[in-house]
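Student: Sequence and computational prediction follow.
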Amino acid sequence: MRNAISLLRVAGVKPGAVALAVAAAAVTLLSALSLTVLSGWLITRAWQMPPVLHLSVAITAVRGLGISRAMFRYIDRIVAHQLALGALSELRAKVYDALASSAATSRGQGHVYVVDDTERVTDFLVRSHIPRLVAVVVSLAALGLAAWLSPPAALVMAAALAVTGFVVPRIAARSNRRAREVEESTEFAVGLDQVLQHRVEFAAAGRAEALIGEVAEASQRVTREKLAAQRSTVAAEAIQTVATGAAALGVAAIAVATYSGNPTWLGMLLMLSLAAFESHGPLPAAARHADDAARAASRLSNLLNTQRADVAGPAVSDTVEARDLRTIYGDTVWNLRVEPGERLLVRGPSGSGKTTMLETLAGLVPAASGEATAPASTRFYAEDAWVFSTSVRENLRVGTPELDDTLATRVLSAVGFPFDLDFVLDNGADSLSAGQRRRLLLARALCSDADVLLLDEPTAHLTPDDSADLMHMLLNSPLPGPKPQRTVIVVAHEN
């Protein structure tokens, strides 16, 4: 939890802002608590049939508390979510910067960092941190009022609140960890994959039935573990319900046996024992969110705090050159020289290290051995570069914020992209066909002002004729965009 709170500070969450959110949420629940208690007083007092004017203040207060409860709930939601969304934006920006300056990270892992982990940490603020603090404030207020009315009843309430506030959340957190361990277990998935993918080989070896039995046993074991985790969750909910009911019964018994004050205050005490536990209702879910957030915060803290050595990029030169260059992926030894303004097509089989060679020339990954040189203004454009859920114009402006609309339109026309600049890609890359996506990414590269373009599979997923036309433009013709004559290195699969 410390890591999550530290990350929230890194994301710009101020203690004063958290205190404001807690205050709004606490006033909401205190209004509900006061409403319940005052209603108990009003019921018992009305039973005595006093003049109606004696009840007018209480009646008005009930109305006011009902309104204030709704109003402060609205304020609480606005303040807390504004705080969390602002922290999410700031934290994502910092994580993105850390990823950009770190060693190469897979797209899946990057997605976990930027999307899943940041959401878990900022959800911790709204779903765990604030509810816990609110529960503390409301519990202390309820116990203070109960102690004023009846100290023995307050002791009973304190014991029950300790169970619902500490024991139940611990059980819920442990259940959540157990369920996550079951979900992360790969034994069943690996065994099932073997059965489905290699059933012929295992049948020939006479091991098919044994393997199917092992997989069935693994499936049953996973099911048993899931049920065990669910039983813990159900037990936590049952304990919370039993503790709340026991507190109400205990307070009622003690109050009836020992209370000697006004009967109307006795009604308030009984209603207080029922309403005091409302703030503890979200605590089991808060414990589960805190457990998930702790894991996410640990990963993000490692990412943000780890000092990585800068990648030793190629030496700066007007020419792009590789001399006996070996990359960290693939066995090919690269030797090439491309003068300013020249074009080069590199073809090779999958796995030969073509893409890694471009990343090495761009200074994104270190070389395994050998030497490389490239101009300072060298940009690599990946085959799977991200397409954002925004307009075509904004997708082209990635890396070129000051892009002119007229120039962008000419580039789109040159690459054969069918939509205009204002067309919105609601679902990102899923809004386009594979070929349209390739044309958009190629247009993004051509709109840049880099002196050297390193293009990874720019004509993939296109028809042979369209691919040949675009490849001819890239390798022979003046290029559309801000720099018609510049160095271009294209990699492609062998025909």
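Tutor: Thanks, I have it. Fair warning: this is a prediction, and the values are worked out from it, not measured in the lab. Numbers count the residues shown, from 1 in each chain.
Student: any idea where the strands of the stretch 251-400 of the chain begin and end?
Tutor: Secondary structure of the stretch 251-400 of the chain by DSSP state E, counting those that start in this stretch: the strands cover 315-316, 320-326, 333-338, 343-348, 369-374, 378-381.
Student: name the helices or strands packed onto the longest one?
Tutor: Packed against strand 320-326, as judged by 3 or more C-beta pairs under 8 Å, 6 or more residues apart in numbering; DSSP states H and E, are the following elements: strand 333-338, helix 354-361, strand 369-374. C-beta: built from backbone N, CA, C; applies to glycine.
Student: between those, which gets nearest to residue 258?
Tutor: Among the helices and strands packed on strand 320-326, the nearest to residue 258 by C-beta to C-beta is helix 354-361 (77.9 Å).
Student: okay, that closest one in PDB with CA atoms only?
Tutor: What follows is the C-alpha trace of helix 354-361 in PDB, where atoms were taken according to Å, rounded to 0.1, in the frame of the first residue of the first chain:
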ATOM      1  CA  LYS A 354      15.800  -7.000 -40.300                       C
ATOM      2  CA  THR A 355      13.600  -5.100 -37.900                       C
ATOM      3  CA  THR A 356      16.200  -5.200 -35.100                       C
ATOM      4  CA  MET A 357      18.800  -3.900 -37.600                       C
ATOM      5  CA  LEU A 358      16.500  -0.800 -38.200                       C
ATOM      6  CA  GLU A 359      16.000  -0.400 -34.500                       C
ATOM      7  CA  THR A 360      19.700  -0.500 -33.900                       C
ATOM      8  CA  LEU A 361      20.400   2.100 -36.700                       C
END
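Student: How about residues contacting it?
Tutor: Helix 354-361 is touched from outside by 104, 314, 320, 322, 325, 327-330, 332, 334, 346, 348, 365-367, 372, 374, 378, 380, 382-383, 454-456, 489, 491, with contacts defined as C-beta atoms under 8 Å, 6 or more residues apart in numbering.
Student: Tell me how many other residues surround residue 53.
Tutor: Using other C-beta atoms under 10 Å, the number of residues around residue 53 comes to 7.
Student: Restricted to buried residues, select the contacts of helix 354-361 in PyMOL.
Tutor: What follows is the PyMOL syntax for the buried subset of these, where burial is set by 16 or more other C-beta atoms under 10 Å:
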select buried, resi 314+320+322+325+327+329+330+332+334+365+366+367+372+374+378+380+382+454+455+456+489+491
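Student: Low-confidence regions, this protein specifically.
Tutor: Residues of the chain meeting the criterion pLDDT under 70: 1, 101-108, 181-205, 259-265, 267, 307-312, 494-495.
Student: mind giving me the domain ranges of it?
Tutor: In terms of domains, the chain is parsed into 1-307, 315-493 (source: the TED database).
Student: Quick one: end-to-end length of the shortest one, please.
Tutor: One end of domain 315-493 to the other measures 28 Å (C-alpha to C-alpha, to the nearest Å).
Student: re the thing from before, relative to residue 253, which of the strands of the stretch 251-400 of the chain is closest?
Tutor: For the strands of the stretch 251-400 of the chain, proximity to residue 253 was assessed by C-beta to C-beta; strand 378-381 is nearest, at 75.3 Å.
Student: Direction included, what does that closest one pair up with?
Tutor: Note on strand 378-381: by DSSP bridges, its sheet partners are strand 452-456 (parallel).
Student: Excluding its own residues, what touches the strand it pairs with? List them.
Tutor: Among residues not part of strand 452-456, those counted as contacts by C-beta under 8 Å, 6+ apart are 320, 354-355, 358, 361-362, 374-375, 377-383, 442, 445-446, 474, 486-491.
Student: Next SSE downstream of it?
Tutor: Sequence-wise, the next helix or strand downstream of strand 452-456 (DSSP states H and E) is helix 464-475.
Student: who's in contact with that following helix?
Tutor: Counting by C-beta under 8 Å, 6+ apart, the neighbours of helix 464-475 from elsewhere in the structure are 343, 345, 414-416, 435, 442, 455, 458-459, 462, 479-480, 488, 490, 492.
Student: Stretch 32-39 too?
Tutor: Stretch 32-39 is touched from outside by 58, 61-62, 65-66, 69, 138, 141-142, 145, 268, 271-272, 274-276, 278, with contacts defined as C-beta under 8 Å, 6+ apart.
Student: From the chain's centroid, how far away is it?
Tutor: Distance of stretch 32-39 from its chain centroid, counting by C-alpha atoms, centre = their mean, to the nearest Å, is 38 Å.
Student: Might you calculate how far stretch 132-141 sits from the centre of the chain?
Tutor: 28 Å.
Student: CA-only coordinates of it in PDB, if you can.
Tutor: C-alpha atoms of stretch 132-141 as PDB (Å, rounded to 0.1, in the frame of the first residue of the first chain):
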ATOM      1  CA  ARG A 132     -10.900   3.300   4.500                       C
ATOM      2  CA  LEU A 133     -10.300   6.800   5.800                       C
ATOM      3  CA  VAL A 134     -14.100   7.600   5.800                       C
ATOM      4  CA  ALA A 135     -14.800   4.400   7.700                       C
ATOM      5  CA  VAL A 136     -12.300   5.500  10.400                       C
ATOM      6  CA  VAL A 137     -14.000   9.000  10.700                       C
ATOM      7  CA  VAL A 138     -17.500   7.600  10.800                       C
ATOM      8  CA  SER A 139     -16.700   4.800  13.200                       C
ATOM      9  CA  LEU A 140     -15.000   7.200  15.700                       C
ATOM     10  CA  ALA A 141     -18.100   9.500  15.500                       C
END
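Student: ok, now which ones touch the residue sitting nearest the centre point of the chain?
Tutor: Ranked by distance to the mean C-alpha position of the chain (C-alpha atoms, centre = their mean), the top residue is residue 116 at 2.4 Å. Under the criterion of C-beta under 8 Å, 6+ apart, the contact partners of residue 116 comprise residue 296.
Student: ok, and the closest non-adjacent residue to residue 365?
Tutor: Setting aside the residues directly before and after it, residue 365 is nearest to residue 359 in space (C-beta to C-beta, 6 or more residues apart in numbering), at 4.7 Å.
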